[in-house]
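# Here is the input, now give the coordinates:
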Amino acid sequence: MDTINDKQFRAQVLVEALPYIQSYNGKIVVVKYGGNAMINDELKESVMRDIVLLNLIGIKVVLVHGGGPEISEMLKKIGKESKFVDGLRYTDEETAEVVRMVLAGKINKSLVNLLESIGGKALGLCGIDGHMMKCCKQDEKLGFVGKITEMNTKVITDALDAGYIPVVSTVGYDDEGNIYNVNADTASAVIAGALNAQSLILMTDIRGVCRNREDETSLIEKIFVSDIPSYIKQGIISGGMIPKIECCREAIRRGVEKVFITDGRVAHSILVEILSDQGIGTMFVKGD
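Prediction:
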């Protein structure tokens, strides 16, 4: 049974959240969903409940997802080896079909079903629907890994206007009928920019950007995009983090006000990040 102190604490949390709820009301927030939060069933349900809550308080959430581990698992089942070039999955025509089947089929519809089961109103989409993501090859050596050349957000905005939570899998197309595997971080930055989103949240398996990668207490809470080259030069941002940070910079360049890298291993990290005085990850903003 809750004590008076417990109830007062909950009330204080709501009071603290009020100005953030007001500032985000009617605005669009894009959440790129991935990492451990996508694999762990308990965390998955926690994330979906957070998204439904945000939707119910008037924040328009667009959920963008990938699904690398499940693609690898399906390729293994059909006897096809996963190949990676410069950290990206080499995608021939057969692999592209598997990507479409896994992302736009299995994962997308399971997320829609979960959102609906906990009281949300969700609509599953992929980049082919409404000719959302037109692509060309990012690099010939990667096969059908897509670079988005045109972004048509009408199908997303129509869903938002009808009160749905759009759940978007990052599968693209071209005029020749080819299917493209689009990196979910990259796609979320383009989508957020095209929608004039207030914020983009990238869920990861790390705390955020730390001065010392071995010490999570060295978290850098706020980074101006103009400082990113310096952090890369110092080695604070390195390796596989560089493409993710470049997506943060690209989203800001496209007009997104704030981009967060947040720890998807922590329950309710989305709510803590945007509805509290003290976030738990790294926030990127424009300026010096």
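# leaving aside the residues next to it on the chain, what's closest to the spatially most central residue of the chain?
Geometric centre of the chain, nearest residue: residue 32, 0.6 Å, by CA atoms, centre = their mean. Closest residue to residue 32 apart from its sequence neighbours, by CB to CB, 6 or more residues apart in numbering: residue 188 at 3.8 Å. Every C-beta, even on glycine, is put in place using the N, C-alpha and C of the backbone.
# Show the contacting residues for that neighbour.
Residues counted as contacts of residue 188 (CB atoms under 8 Å, 6 or more residues apart in numbering) are 30-32, 64, 170, 200, 202, 247, 251.
# one step back: tell me the phi and psi of the residue nearest to the centre of the chain?
Main-chain torsions, residue 32, degrees, to the nearest 10: phi -90, psi 120.
# and if you look at residue 111?
Dihedral angles for residue 111 - degrees, to the nearest 10 - are phi -70, psi -40.
# try residue 220
The phi/psi pair for residue 220 (degrees, to the nearest 10) is phi -100, psi 110.
# Could you tell me how far it is located from residue 37?
As judged by CB to CB, to the nearest Å, residue 220 and residue 37 stand 22 Å apart.
# rewinding a little: out of the contacts of residue 188, which comes closest to residue 11?
residue 31 (27.0 Å; CB to CB).
# Make sure I have this right: that closest one is in a helix.
No. Assigned with DSSP: H, G, I helix; E, B strand; the rest coil, residue 31 falls outside any helix and is strand.
# contacting residues for it?
The contact partners of residue 31, by CB under 8 Å, 6+ apart, come to 51, 61-64, 188, 200-201, 203, 270.
# if you look at the residues you listed, which of them are in helices?
51, 188, 270 (DSSP state H).
# Residues contacting the lengthiest helix in the chain, please?
Longest helix in the chain by number of residues (criterion: DSSP H): helix 4-24. Outside helix 4-24, the residues that touch it by CB under 8 Å, 6+ apart are 2, 54, 57-59, 198-199, 274-277.
# same for the least confident helix or strand in the chain by mean pLDDT, what does it pack against?
The weakest-scoring helix or strand in the chain, judged by mean pLDDT, DSSP states H and E, is helix 36-39 (a mean of 75). For helix 36-39, the elements it packs on are helix 41-56, judged by 3 or more CB pairs under 8 Å, 6 or more residues apart in numbering; DSSP states H and E.
# Centre of the chain to the helix it packs on, how far?
14 Å (CA atoms, centre = their mean, to the nearest Å).
# And the average pLDDT for it is what?
Here helix 41-56 scores 92 as its mean pLDDT.
# Please enumerate the helices of the stretch 51-200 of the chain.
Per DSSP state H, counting those that start in this stretch, the stretch 51-200 of the chain carries helices over the ranges 68-77, 93-99, 108-117, 154-161, 184-194.
# Let me have these in CSV, extended by distance to residue 176 and mean pLDDT.
Putting the helices of the stretch 51-200 of the chain into CSV (distance: least, CB to CB, whole Å; pLDDT from 0 to 100) gives the following:
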stretch, distance to residue 176, mean pLDDT
helix 68-77, 23, 90
helix 93-99, 12, 93
helix 108-117, 24, 96
helix 154-161, 21, 97
helix 184-194, 20, 96
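# Could you say which of these is packed most deeply?
Mean neighbour count (mean count of other CB atoms under 10 Å) peaks for helix 184-194 among those, with a mean of 25.
# May I have that helix as CSV, with CA atoms only?
Coordinates of each C-alpha in helix 184-194 appear next as CSV, following Å, rounded to 0.1, in the frame of the first residue of the first chain:
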residue,chain,number,x,y,z
ALA,A,184,17.2,2.7,-39.4
ASP,A,185,19.2,5.5,-37.8
THR,A,186,19.7,7.3,-41.1
ALA,A,187,16.0,6.8,-42.0
SER,A,188,14.8,8.2,-38.6
ALA,A,189,16.9,11.4,-39.1
VAL,A,190,15.5,11.9,-42.6
ILE,A,191,11.9,11.2,-41.4
ALA,A,192,12.3,13.5,-38.4
GLY,A,193,13.6,16.3,-40.5
ALA,A,194,10.8,15.9,-43.2
